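**Q** Structure, please.
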Amino acid sequence: MIVSCPACATQFGLDVLFQSQADHDAYTRLVALASPLHARLVQYLQLHKPAKQQLTAAKSTRLLAQLLPDLERGAITWKGRDWPAPLRAWQVAIDQLLSKRNAATLELPLTGHGYLYAVLAGMADKQEAAAELEREQAARARAHSSAAPTSVADVLTVQQALGSGIQPMVIAPTQAPGTSPTVRAMRAAMERKKGEQP
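**A** Model (predicted):
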C-alpha cells in the first residue's frame, strides 16, 4: 500500500514507515498525544532539515524519540531544573519557532532541541514569576486590609486616641473581632484612661 506524507507529499509504502520497531514505537506514541500537536511537530522536525536535502526517516525518528518522553510527562529539564510543559505550551513554543522561521530570523537548520527547550523554560519561568507576584500582591492586600480601620467610628476612635496622647498597646485579635489590632489597642488604652480618672 502506498501512502503520502501530509507535510511533504512524498509517497512511500507502509513497510517503510514501520521498517523498525523503534520507528513504529515512536509514531505510535506520537499518535497517542493530543492531535493539535501532530501537525506542529511535523513542521518543527522540518526545521532540522539541511538545506537542499530531505530529512531522513531515521533522523526524524531520532528527533521525535528525544521529545516524546518530555511530551508525555508534560515537563522538560533545562539548565538543571525541571519546568512544567503541558501540551498547550509546546504548541505555543513551536508556533514561536515557526513564526521566526517565516520571518527569516531563525538560523536553520536546527541542530537539536535546545532552542525549543529554552523557549519552553522561558515561558514557564514567566508564568511562575506572574503567579509569585500575584501571591505577593494578595498577601499585601490581606495585610493592608487587616491593619486598616474598618469603619468611620474606628477612624474617629484612632484620631481621638492619638490626639489625647494615649500610647496604644497590643491586644490579641480575639478580644475584639472585626476591627484592626491597632484600633483595638487604642480603644483599650482609652478605657484604661477613663478608669483612672476620679
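
**Q** make it CA atoms for all contacts and neighbour counts henceforth
**A** Noted.

**Q** count of residues packed around residue 135?
**A** When counting by other CA atoms under 10 Å, one arrives at 12 neighbours for residue 135.

**Q** Now do it, the pLDDT please.
**A** For residue 135, the pLDDT comes out at 90.

**Q** State the distance from residue 66 to residue 117.
**A** 12 Å (CA to CA, to the nearest Å).

**Q** the more surrounded of these two?
**A** A direct count of neighbours by other CA under 10 Å for residue 66 and residue 117 places residue 117 higher, at 21 against 13.

**Q** surely that one meets residue 78?
**A** Yes - with contact defined as CA atoms under 8 Å, residue 117 counts as touching residue 78 (6.7 Å).

**Q** What are the boundaries of the strands in the protein?
**A** 2-4, 11-13, 75-78, 81-84 (DSSP state E).

**Q** Got the confidence number for the residue lying closest to residue 120 once chain neighbours are set aside?
**A** In space, and not counting its chain neighbours, residue 120 is closest to residue 93: 6.1 Å by CA to CA, 6 or more residues apart in numbering. On the pLDDT scale, residue 93 is placed at 97.

**Q** Am I right that residue 93 is in contact with residue 116?
**A** Yes - at 6.6 Å, residue 93 counts as touching residue 116 under the criterion of CA under 8 Å.

**Q** For these two, work out which one has more neighbours and name it.
**A** Using other CA under 10 Å as the criterion, residue 93 and residue 116 rank with residue 93 on top: 23 against 17.

**Q** Name the nearest residue to residue 44, sequence neighbours excluded.
**A** Using CA to CA, 6+ apart, the closest residue to residue 44 is residue 94 (6.6 Å).

**Q** I figured the one you found was touching residue 45, is that so?
**A** No - if you go by CA under 8 Å, residue 94 and residue 45 don't touch, sitting 10.1 Å apart.

**Q** which helices and strands sit right next to the longest helix belonging to the chain?
**A** Criterion DSSP state H: the longest helix present in the chain is helix 114-147. Packing partners of helix 114-147 (3 or more CA pairs under 8 Å, 6 or more residues apart in numbering; DSSP states H and E): strand 75-78, strand 81-84, helix 87-102.

**Q** Just list what the first one packs against, helices and strands only.
**A** In this structure, strand 75-78 packs against strand 81-84, helix 114-147, with contacts taken as 3+ CA pairs under 8 Å, 6+ apart.

**Q** domains of this protein?
**A** 2-142, 149-196 (automatic domain parsing).

**Q** And these, which one averages the lowest pLDDT?
**A** domain 149-196 (a mean of 60).

**Q** For the residue nearest to residue 44, give me its contacts.
**A** 40, 41, 44, 116 (CA atoms under 8 Å, 6 or more residues apart in numbering).
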